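# quick one: sequence and predicted model below, then my questions.
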Amino acid sequence: VTGIGSLIHIYAGGYMDEEKTTARFFSYLNLFIFMMLLLVLGNNMLVMFIGWEGVGLCSYLLIGYWYTHKPNAVAGMKAFVVNRIGDFGFLVGIFLTYKIFGTLSFSELRVLLGGQESLSPALTSGLTTIGICLFVGACGKSAQLPLYVWLPDAMAGPTPVSALIHAATMVTAGIYMMTRLHFLYYLAPSALMVVAFVGGATALYAATI
């Protein structure tokens, strides 16, 4: 986030040089960096979700940066709405996690689930539901089927925005979240099958467009 973000800031300094509202652009860009760092450095799902929502807001602001041109404004709104659909699934997953385990801390969840090879059917079902709900959030952020529709239009924003958000950081947030919770997904093979199927279908569909 900081390494690639720094390079893109340097590039954006020249790219946006002739713009009259560069202060607005760079304030959005730096708010995005802050929210992305909050997302990756938080030690619990609630802090991650605050960063998750923050990068979604910044994506809307940056994609629709040239909002006086209607297609750009529509592209920003589409990104915002589609991401909210995914975020609802993420939020349900957070609620279910707290209801079942009483904590949202990654380290505490890891201790609770660590070393458990055989689980009760009820807990396995709960983990599967949590895994799928969280994956719905990942589908929105990482543009997987069926929540991919915002990404092609997102190129309406300035080029540094595409480089930072849609090529390097925000679209990998879903993968980061699943990697951070690998101990949960390891115990929910049905959720992993859903992830594999959707990921494979998205790759195939994207390749044939």
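It's in.
# output the helix or strand hosting residue 57 as CSV, nothing but the C-alphas.
Assigned by DSSP states H and E, residue 57 belongs to helix 45-63. Written as CSV, here are the backbone C-alpha positions of helix 45-63 (Å, rounded to 0.1, in the frame of the first residue of the first chain):
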residue,chain,number,x,y,z
MET,A,45,-13.1,-7.5,11.8
LEU,A,46,-14.8,-4.3,12.9
VAL,A,47,-11.7,-2.1,12.2
MET,A,48,-11.2,-3.9,8.9
PHE,A,49,-14.8,-3.1,8.0
ILE,A,50,-14.3,0.6,8.8
GLY,A,51,-11.4,0.6,6.4
TRP,A,52,-13.4,-1.5,3.9
GLU,A,53,-16.2,1.1,3.9
GLY,A,54,-13.6,3.9,3.7
VAL,A,55,-11.9,2.6,0.5
GLY,A,56,-15.4,2.1,-1.0
LEU,A,57,-16.2,5.8,-0.3
CYS,A,58,-12.9,6.9,-1.8
SER,A,59,-13.4,4.8,-4.8
TYR,A,60,-16.7,6.5,-5.5
LEU,A,61,-15.1,10.0,-5.0
LEU,A,62,-12.1,9.2,-7.2
ILE,A,63,-13.9,7.4,-10.0
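# next secondary structure element downstream of the least confident helix or strand in the chain by mean pLDDT?
One helix or strand of the chain scores below all others by mean pLDDT, DSSP states H and E: helix 150-153, with a mean of 86. On the C-terminal side of helix 150-153, the closest following helix or strand by DSSP H and E is helix 159-161.
# contact partners of that following helix?
Contacts with helix 159-161, where a contact means C-beta atoms under 8 Å, 6 or more residues apart in numbering, come from 8-9, 11-12, 15-16, 29, 62-63, 65, 154. C-betas here are computed from N, CA, C, even on glycine.
# wait, residue 183 sits on residue 109?
Yes: at 7.3 Å, residue 183 counts as touching residue 109 under the criterion of C-beta atoms under 8 Å.
# how many other residues sit next to residue 21?
Residue neighbour count, defined by other C-beta atoms under 10 Å, stands at 11 for residue 21.
# go on, residue 166?
Using other C-beta under 10 Å as the criterion, the residues surrounding residue 166 number 21.
# tell me how far the closest residue to it other than its chain neighbours lies from residue 86.
Setting aside the residues directly before and after it, residue 166 is nearest to residue 154 in space (C-beta to C-beta, 6 or more residues apart in numbering), at 5.4 Å. Distance of residue 154 to residue 86, given as C-beta to C-beta, to the nearest Å: 14 Å.
# ok, back up a step: just the buried subset of the contacts of helix 159-161, please.
With burial judged by 16 or more other C-beta atoms under 10 Å, the buried subset of those is 8, 12, 15-16, 29, 62-63, 65, 154.
# where does the prediction get shaky in this structure?
Applying pLDDT under 70 to the chain flags residues 115-118.
# rerun that using 80 as the cut-off
21, 114-119 (pLDDT under 80).
# which parts of it are helices?
Shown for the chain, the helices assigned by DSSP state H span residues 2-15, 22-41, 45-63, 70-101, 106-113, 121-142, 150-153, 159-161, 173-180, 182-186, 189-208.
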